[in-house]
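A.B. asks: 3D model of this:
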Amino acid sequence: MRNHTVFTFFIVCVSVSAKGYEYDNLYIHFFLELPNNWSSVPFLALSGVTQTCRTRTLGKDNVAFFSHPFSFEAFFRKEDETEGSLPQWPVLYFKVLSLDFWQRYRTEGYGYLVIPATPGCHSLTCSTWRPLQCGTVAELRRFFIGGAPELEDSSYVRGDRLSRFGFRTETTGSVSFTLHCMQHARAFVDAGTLKKKRQSVLDQLGGYSQQGSVYNVLEAFQRARRRMQEARESLPRDLINTTTLVPESSA
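C.D. replies: Model (predicted):
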């Protein structure tokens, strides 16, 4: 059986902080959505929740520092090798909530984050929004009872075309993430090996060309020396003796 695995993707994500939200005691629900041709380890959870964190005032914003790490591992397999399109990358959806003393929770905002396609360390800040119910009664209910309009599907926030008919939203705060992305693939190893092989071949060709140029110079020198000796032998003896005696008489 042929292995169609293109590469393995491993990510360590840290929910750094959240700021700009209305209420205190924030926590984050998150889950990772894998597109087609992606899979994960069966026992690995693709969702989670952070701890509840109180905010503190920094400048004009109330900031909650989570520093909550979580990791994912996924595999990309391209079954159709004739297809030349690039793969779609996993998406991290999250929801910010608040919890008060009476255990009443409120939805503070929805957001998403497309996992970077390049390996390395990435620091990203994602803005959020929440559905808004009009009227004074809705605001009083949110303040005294808790609860608020929620999305049935959290991936709705990433839709290309969103219907706003009878639907109001409110921009809320933002969440900061730090992502450490690592990629491993046989193709990367093969490319590196091929590059080294090409470099060694070029080095060998360069050495051979240098040796050949030295050999050509020596061979030309030997040919010139033989021609000079042949020309000297073809001259008459009297002329050779005359040329040898001229320096002696002049001295």
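A.B. asks: what about the closest residue to residue 36 other than its chain neighbours, how many neighbours?
C.D. replies: Residue nearest to residue 36 in three dimensions, not counting chain neighbours: residue 88, with 7.1 Å by Cβ to Cβ, 6 or more residues apart in numbering. C-betas here are computed from N, CA, C, even on glycine. Residue 88: 15 surrounding residues under other Cβ atoms under 10 Å.
A.B. asks: for residue 88, phi and psi?
C.D. replies: Here is the backbone geometry of residue 88 (degrees, to the nearest 10): phi -80, psi 140.
A.B. asks: distance of it from residue 28?
C.D. replies: Using Cβ to Cβ, to the nearest Å, we find residue 88 at a distance of 24 Å from residue 28.
A.B. asks: related to what we said a few turns ago, my guess is the residue nearest to residue 36 contacts residue 33, does it?
C.D. replies: No. The criterion here is Cβ atoms under 8 Å, and residue 88 misses it with residue 33 at 10.0 Å.
A.B. asks: if I pick residue 110, what's in contact with it?
C.D. replies: 93, 94, 95, 96, 128, 129, 130, 151, 154, 156, 157 (Cβ atoms under 8 Å, 6 or more residues apart in numbering).
A.B. asks: which pair in these spans the largest distance?
C.D. replies: 96 and 156 (15.7 Å; Cβ to Cβ).
A.B. asks: Tell me which of the two has more neighbours.
C.D. replies: The neighbour count for residue 96 versus residue 156, taken as other Cβ under 10 Å, is higher for residue 96 (25 against 14).
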